[in-house]
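Participant: structure for this input, please:
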Amino acid sequence: MSEPTSQPAIATHTAALLDNLKKASLARVPARVFRSNIASMRYVFKTGKVAAFLNFKYATDIAYEIDELDFEIAVGHPNITANKEEVVETIEPLEVLKKKHFEEFLKAQATAVSKDNDAGTSDQGKLNVANSRTVGEGMAGSDSSATAPTAGIKISLPTK
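Facilitator: Numbers count the residues shown, from 1 in each chain. As a prediction, the model looks like this:
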């Protein structure tokens, strides 16, 4: 870890950050990813904006946020680190989660309709996994005539 920076240097840097903020309020730059060693934490910028580290990371493309987080790392913040080479395709955490869950859904869907699924065997032969696609196919090729569930069953109720 680097040695802590003196108070005047911190004050000078803080003033410079706020001055840059006034000049270029939300200047966009290439996105950067910052990591925390806590799964879910918050960092409050000097402007009052909150950076929510979710799943150990926070991504931003706002220049003053990058400058401030880089400064915090330089002065030895115990919970924040950065990898300048890490590439981020989107900085919206919900978009990242949506994409992840959609990919998992597509994978599960492909597995569910795979002809390689083995459900075992019965006296009549191999069992097939049923889903909404295969049930329709099976009903279309059926030549059995459906009867009422109780047809041929004698039910006797006890009398008093």
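Participant: distance-wise, check residue 52 relative to residue 38.
Facilitator: From residue 52 across to residue 38, the span is 12 Å (CB to CB, to the nearest Å). C-betas here are computed from N, CA, C, even on glycine.
Participant: what do you get for residue 59?
Facilitator: Counting by CB to CB - residue 59 and residue 38 are separated by 16 Å.
Participant: and if you look at residue 84?
Facilitator: 21 Å.
Participant: how about stretch 43-60: buried residues?
Facilitator: 43, 45, 51, 53, 54, 57, 58, 59, 60 (16 or more other CB atoms under 10 Å).
Participant: now, the residues you listed that are in strands?
Facilitator: Filtering the buried residues of stretch 43-60 for membership in strands, criterion DSSP state E, returns 43, 51, 53, 54, 57, 58, 59, 60.
Participant: now pLDDT too, for the residues you listed, in TSV please.
Facilitator: Formatted as TSV, those follow (pLDDT from 0 to 100):
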residue	pLDDT
43	93
51	90
53	90
54	85
57	87
58	89
59	87
60	86
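Participant: pick the one among the residues you listed closest to residue 105.
Facilitator: Checking those against residue 105 with CB to CB, the nearest one is residue 54 at 20.8 Å.
Participant: the protein: helices as residue ranges?
Facilitator: Assigned by DSSP state H, the chain shows helices spanning 7-23, 63-74, 93-112, 132-140.
Participant: sheet-wise, list the partners of the longest strand along the chain with their directions.
Facilitator: Counting residues, the longest strand found in the chain (DSSP E) is strand 28-36. Take DSSP bridges as the rule and strand 28-36 pairs in its sheet with strand 57-62 (antiparallel), strand 80-82 (antiparallel).
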